[in-house]
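K.L.:
everything below, folded, please.
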Amino acid sequence: MYAVILLSNWSVQMCATRRDVLKWGAGAGGLATAAAFGIPSTATAASWAYRSWMGSLSSSLPITSLTIPGTHNTCSTRGGFVAKCQDWDLPTQLGNGIRFLDIRLNGLAGTANEMGLYHSDIYMNKRYQDVLSDCRNFLSSNPGEVIIMRIKNEYSGGNKLNTEEFKRRFNWHLDDPSMGFRSLFRTNPSWLTLGQARGKVVLLTDFTHDWDTLRWSNHCDIQDQYNVPDDTKRNAIVAHFDKAFYDQSTSKMFINFTSTAKGPIPNPSVGAGKIFPSVYAYLDPRRHQRARFGIVPMDFPNYRTDILDLLINKNFI
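P.N.:
Purely as a prediction, here's the structure:
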């Protein structure tokens with residue numbers, strides 16, 4: 001059975017107060033670019049404390065009861081305004097508190113077994129085994145944390161993979177003796193508690209298969225309107241935040257994308273600049289209100305680390 005989320009029980013399951021160490025450090029976080037879009041100068045990179053923010057939460061908490069910052073097209077760090085979605089590389093994202101990864105794969109040209117990270121047909125110069133190594137290294141140093149990883153068959157361009165070949169290559173990454181990443185994953189068919197998943201990657205599949213795992217379309221309640229007018233997108237984000245707050249009975253994970261692809265977008269930062277102010281306007285007045293909002297995938301979280309702060313701190317109020 002899936003875990004039922006009861007907000008009224010949080011007072012006994014969660015830490016009574018946020019830890020004093022959960023504060024922003026003084027590192028730079030893309031401030032020069034952010035300033036061009038009127039983003040507050042107080043936005044900075046996360047402090048070291050966010051490397052282990054899950055570690056001080058109760059192990060009995062269902063993962064679905066948390067507010068989890070994530071990234072959209074996690075490894076899309078190149079490709080200009082057509083494809084770039086992130087400035088931070090994967091280790092930096094994990095170190096700054098990101099715990100949901102949106103991993104999109106095609107076959108890697110010139111190889112028999114490997115897969116690469118793609119946004120559509122644009123290769124991000126990163127292999128899937130490099131992603132898994134980054135995750136294993138991070139979790140080895142931070143065993144109280146949990147990473148949720150959506151795996152999507154991007155199925156694009158000359159390196160797209162059919163259903164059977166995608167499954168075969170995915171399993172190769174898990175079982176090849178030189179890598180052996182299968183032990184890195186939790187592959188349960190329902191959402192787990194933090195204690196059951198600590199130190200692991202929770203697999204969330206978005207490709208055709210007959211495996212007994214969490215599925216993107218079946219186990220999640222998703223808002224991902226991306227090719228719509230700005231006001232429509234802003235309203236969709238707010239409506240999904242409200243839905244996550246008021247629906248206390250679902251066993252699904254709420255996923256609320258703040259990313260947008262509605263053009264024209266002459267610079268990849270513009271999408272973040274258009275949408276993030278409304279996200280902050282929703283979260284800031286509720287900063288002292290206990291709530292769970294599920295997963296919130298973002299483009300360029302470094303442009304508004306104050307929003308990243310608000311999301312993480314929802315778990316400690």
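
K.L.:
what packs against the host helix or strand of Pro277?
P.N.:
According to DSSP states H and E, Pro277 maps onto helix 269-283. The elements that helix 269-283 packs onto, with contact taken as 3 or more CB pairs under 8 Å, 6 or more residues apart in numbering; DSSP states H and E, are helix 230-246, helix 305-313. For glycine as for every other residue, the C-beta is placed from the backbone atoms N, C-alpha and C.

K.L.:
so the most far-flung residue of the chain relative to its centre, which of the three states?
P.N.:
Of all residues in the chain, Gly110 sits farthest from the chain's C-alpha centroid, using CA atoms, centre = their mean; the distance is 29.7 Å. Following DSSP: H, G, I helix; E, B strand; the rest coil, Gly110 is assigned to coil.

K.L.:
look up phi and psi at it.
P.N.:
When read as degrees, to the nearest 10, the backbone of Gly110 gives phi 80, psi 0.

K.L.:
do you know the pLDDT at it?
P.N.:
Note for Gly110: predicted pLDDT of 94.

K.L.:
ok, back up a step: could you dump the helices and strands packed on helix 269-283 to CSV with mean neighbour count, distance to Leu283 and mean pLDDT?
P.N.:
CSV is the format used below for the helices and strands packed on helix 269-283 (neighbours: other CB atoms under 10 Å; distance: least, CB to CB, whole Å; pLDDT from 0 to 100):
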stretch, mean neighbour count, distance to Leu283, mean pLDDT
helix 230-246, 17, 8, 96
helix 305-313, 22, 4, 94
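
K.L.:
following element in sequence after the helix holding Pro277, please.
P.N.:
Trace forward from helix 269-283 with DSSP H and E and the next one is strand 294-298.

K.L.:
show residues contacting that next one.
P.N.:
Defining contact as CB atoms under 8 Å, 6 or more residues apart in numbering, one finds that strand 294-298 is touched by 64, 66-72, 100, 102, 148, 221, 244, 253-259, 272, 276, 307-308, 311.

K.L.:
of these, which belong to strands?
P.N.:
If you go by DSSP state E, the contacts of strand 294-298 have 67-71, 100, 102, 148, 221, 253-256 in strands.

K.L.:
how much space between the closest residue to Phe257 other than its chain neighbours and Gly79?
P.N.:
With sequence-adjacent residues excluded and distances taken as CB to CB, 6 or more residues apart in numbering, Phe257 is closest to Asp224, at 4.5 Å. Distance of Asp224 to Gly79, computed by CB to CB, to the nearest Å: 20 Å.

K.L.:
same question for Pro91.
P.N.:
For Pro91, the distance to Gly79 - CB to CB - is 20 Å.

K.L.:
could you do Ala109 as well?
P.N.:
16 Å.

K.L.:
neighbour count for those two, which is higher?
P.N.:
Gly79 (18 against 11; other CB atoms under 10 Å).

K.L.:
so what pLDDT did that one get?
P.N.:
87.

K.L.:
for Asn159, same thing?
P.N.:
97.

K.L.:
and it, how many neighbours does it have?
P.N.:
If you count neighbours by other CB under 10 Å, Asn159 ends up with 19.

K.L.:
go on, Asn227?
P.N.:
A total of 10 residues lie near Asn227 under the criterion other CB under 10 Å.

K.L.:
my read: Asn227 touches Lys262, true?
P.N.:
Yes: counting by CB atoms under 8 Å, Lys262 is a contact partner of Asn227 at 5.7 Å.

K.L.:
what about Thr71, how many residues nearby?
P.N.:
With other CB under 10 Å as criterion, Thr71 counts 24.

K.L.:
repeat that for Thr163.
P.N.:
12.

K.L.:
thinking again about what came up before, would JSON lines of the ones in strands among the contacts of strand 294-298 with distance to Met179 and pLDDT be doable?
P.N.:
Formatted as JSON lines, the ones in strands among the contacts of strand 294-298 follow (distance: CB to CB, whole Å; pLDDT from 0 to 100):
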{"residue": "Thr67", "distance to Met179": "32", "pLDDT": "97"}
{"residue": "Ile68", "distance to Met179": "27", "pLDDT": "98"}
{"residue": "Pro69", "distance to Met179": "28", "pLDDT": "98"}
{"residue": "Gly70", "distance to Met179": "25", "pLDDT": "98"}
{"residue": "Thr71", "distance to Met179": "24", "pLDDT": "97"}
{"residue": "Phe100", "distance to Met179": "23", "pLDDT": "98"}
{"residue": "Asp102", "distance to Met179": "22", "pLDDT": "98"}
{"residue": "Ile148", "distance to Met179": "21", "pLDDT": "98"}
{"residue": "Asp221", "distance to Met179": "34", "pLDDT": "98"}
{"residue": "Met253", "distance to Met179": "28", "pLDDT": "98"}
{"residue": "Phe254", "distance to Met179": "33", "pLDDT": "98"}
{"residue": "Ile255", "distance to Met179": "29", "pLDDT": "98"}
{"residue": "Asn256", "distance to Met179": "33", "pLDDT": "98"}
